[in-house]
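**Student:** Attaching a predicted model along with its sequence, questions to come.
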Amino acid sequence: MEENYLAKWLNNELSEEEVSKFKLTKEYTTYKKIVDATNNMEAPEFDMDKAKRDLYQRKEENKGKVVRLNPYKKYLRIAAVIALIVGISYFYNFTGDEVVSTQYAERTAVTLPDNSEVQLNADSQITYQKKNWKDNRNIDLKGEAFFKVAKGERFTVSTDMGMVTVLGTQFNVENRKDIFEVSCYEGLVSVRYNNKETKLSAGQALVVINGELRTSEIANAQQPSWLQDESTFKSIPLKYVLDEFERQFNIKVETKNIDLEQLFSGSFSNTDKNLALQSISAPSSLKYKIEEGKVLIYAETP
Amino acid sequence: MHKTKRLKEENITNVCEEEVYASIFSSHSKTIFNYIYYKFGNEEKAYDAVQEAFIKLWENCSKVAPHKAKSFVYTVANNLYLNVIKAEKVRLKHREKALNTEYESPEFIMEQQEFKEKLDKALQDLPENQRTTFLLNRIDGKKYAEIAEMEGVSVKAIEKRMHLALKSLREKIDGI
């Protein structure tokens, strides 16, 4: 028999003579049966429609890849978005004012165009003009900030309560609800409050509470204690101390049976909430409780 | 003359074109499924191979000429399971012939059943390449030349596989 004759037989490539010879062999019956049986066999079902749906879904998901081949378009899109953002912010801020602000429990440092430095305490905001900064060093302040002013033209900090003017120095200005405080750490500071000018030299502070002005000495003469994560007070009504606590820890303070006008002298940590509460409550024999999202400070009735 | 005409047609049709792609899918997806199933006896693997092959074809549609697409998808499907050593049991269905049971004796029916079982077992026991080749020819009606192209071997090698496959099936069934 020819080589691979079974394959040739299946493919009808055998001559008639070869086929009749093959049919005479004893194996032929089984071969025939196998071929007949396999003619009626089927592979498992293949759901072509489902396969096509699955495939087209994957193709869709892969489309990102196709887009990536055309990066130019993508950049155009980004450029358009940037142009839009710049356009809108210019429209809303056409005065050219730079605004920097902090939230509760947040602090930030700003370097001004002349390298003067500003440290912004929690819940505070400064506004200034970048343009012509050297000729017009004026900053609007809400809240509290420490300034390290580079030598140059007059440097002015305006608040809605008073104005602070210097030539080159380091000082802290706090301007909250009913409190206005300026502390001078270096050089000479001129504070204008109610059309009255007060000059502060290094180590001196000016505090206005409820319209009443007084000057005092500052203990820490290097820089304000909040820059070292402490809030320091000298004869300040407790309510302002608690306000500062709320700002530093971004947590609501509630009080019960407490005289909020009593004066507080001392400091509290701006990083450790429990320690801070102890520092505030202990001197006046107060108690505190930390509840969910708030702190309750109360006096125990005897 | 004939050659230039063909080249021109190839330039016109592109696998990236939806109609061309879809027609390649409908003519070859089922064969790929069967092909991988005959090899490994696993429907899931076979289904995934179809998906994989056609995703790859889509990703490379601009690089694959339409007349090369067929061998491209077979190659991708084949390469997917190169490291799969153990095949599972290949199970095939036997279409019921319209038997006229009145004329068939119970003995005959039993004998038929027995034969089918023996055949199934014998097919499972075939070497993977013989089984795949044999079934592609018997069930899918693929020509030896087509199978040779799919498997990347010569037509002569396919003939050898067909011959050996049928021979060992017969030997198994006749209990040699």
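**Tutor:** In hand now; what should we look at?
**Student:** Just give the closest residue to B:Ala145, not the sequence neighbours.
**Tutor:** Excluding the flanking residues, the one nearest B:Ala145 by C-beta to C-beta, 6 or more residues apart in numbering or on different chains is B:Val155, at 5.5 Å. Just so you know, the C-beta spots here come from the backbone N, C-alpha and C atoms, and that holds for glycine as well.
**Student:** ignore the last one, A:Glu244
**Tutor:** In space, and not counting its chain neighbours, A:Glu244 is closest to A:Ser231: 5.1 Å by C-beta to C-beta, 6+ apart.
**Student:** looking at it, the one you found is touching A:Leu242, isn't it?
**Tutor:** No. Using C-beta atoms under 8 Å, A:Ser231 is not in contact with A:Leu242; the gap is 10.9 Å.
**Student:** Which one's more surrounded, those two?
**Tutor:** The neighbour count for A:Ser231 versus A:Leu242, taken as other C-beta atoms under 10 Å in any protein chain shown, is higher for A:Ser231 (24 against 19).
**Student:** What would the helix or strand where the more buried one lies look like as PDB? C-alpha coordinates only.
**Tutor:** Per DSSP states H and E: A:Ser231 is located in strand A:230-237. Only the C-alpha atoms of strand A:230-237 are listed here, as PDB (Å, rounded to 0.1, in the frame of the first residue of the first chain):
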ATOM      1  CA  GLU A 230       1.700  77.200  70.100                       C
ATOM      2  CA  SER A 231      -0.900  79.900  70.700                       C
ATOM      3  CA  THR A 232       0.100  82.400  73.400                       C
ATOM      4  CA  PHE A 233      -2.200  84.800  75.200                       C
ATOM      5  CA  LYS A 234      -1.600  87.500  77.700                       C
ATOM      6  CA  SER A 235      -4.700  88.800  79.500                       C
ATOM      7  CA  ILE A 236      -7.100  87.900  76.700                       C
ATOM      8  CA  PRO A 237     -10.800  87.100  77.300                       C
END
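**Student:** Mind giving me the packing neighbours of the helix or strand just after that strand?
**Tutor:** Using DSSP H and E, the helix or strand that follows strand A:230-237 in sequence is helix A:238-249. In terms of contacts (3 or more C-beta pairs under 8 Å, 6 or more residues apart in numbering or on different chains; DSSP states H and E), helix A:238-249 is packed against strand A:230-237, strand A:252-256, strand A:263-269, helix A:273-281.
**Student:** Can you add mean pLDDT and distance to A:Val149 and give these back as TSV?
**Tutor:** Converted to TSV, the helices and strands packed on helix A:238-249 look like this (pLDDT from 0 to 100; distance: least, C-beta to C-beta, whole Å):
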stretch	mean pLDDT	distance to A:Val149
strand A:230-237	86	22
strand A:252-256	88	34
strand A:263-269	89	25
helix A:273-281	89	30
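**Student:** is it possible to export those to a markdown table including distance to A:Asp97?
**Tutor:** Shown next, in a markdown table, are the helices and strands packed on helix A:238-249 (distance: least, C-beta to C-beta, whole Å):
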| stretch | distance to A:Asp97 |
| --- | --- |
| strand A:230-237 | 29 |
| strand A:252-256 | 32 |
| strand A:263-269 | 34 |
| helix A:273-281 | 35 |
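**Student:** Checking A:Met163 next. Helix, strand or coil?
**Tutor:** Applying DSSP: H, G, I helix; E, B strand; the rest coil to A:Met163 yields a three-state assignment of strand.
**Student:** Domain ranges for chain B, per the record?
**Tutor:** In terms of domains, chain B is parsed into B:12-80, B:101-173 (source: automatic domain parsing).
**Student:** Output the ones you listed as JSON lines; include the columns distance to A:Arg77 and mean pLDDT.
**Tutor:** Shown next, in JSON lines, are the domains of chain B (distance: least, C-beta to C-beta, whole Å; pLDDT from 0 to 100):
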{"stretch": "domain B:12-80", "distance to A:Arg77": "23", "mean pLDDT": "89"}
{"stretch": "domain B:101-173", "distance to A:Arg77": "44", "mean pLDDT": "90"}
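**Student:** possible to save those as a markdown table with distance to A:Asp97 and mean neighbour count?
**Tutor:** Listed next are the domains of chain B as a markdown table, based on distance: least, C-beta to C-beta, whole Å; neighbours: other C-beta atoms under 10 Å in any protein chain shown:
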| stretch | distance to A:Asp97 | mean neighbour count |
| --- | --- | --- |
| domain B:12-80 | 52 | 18 |
| domain B:101-173 | 73 | 17 |
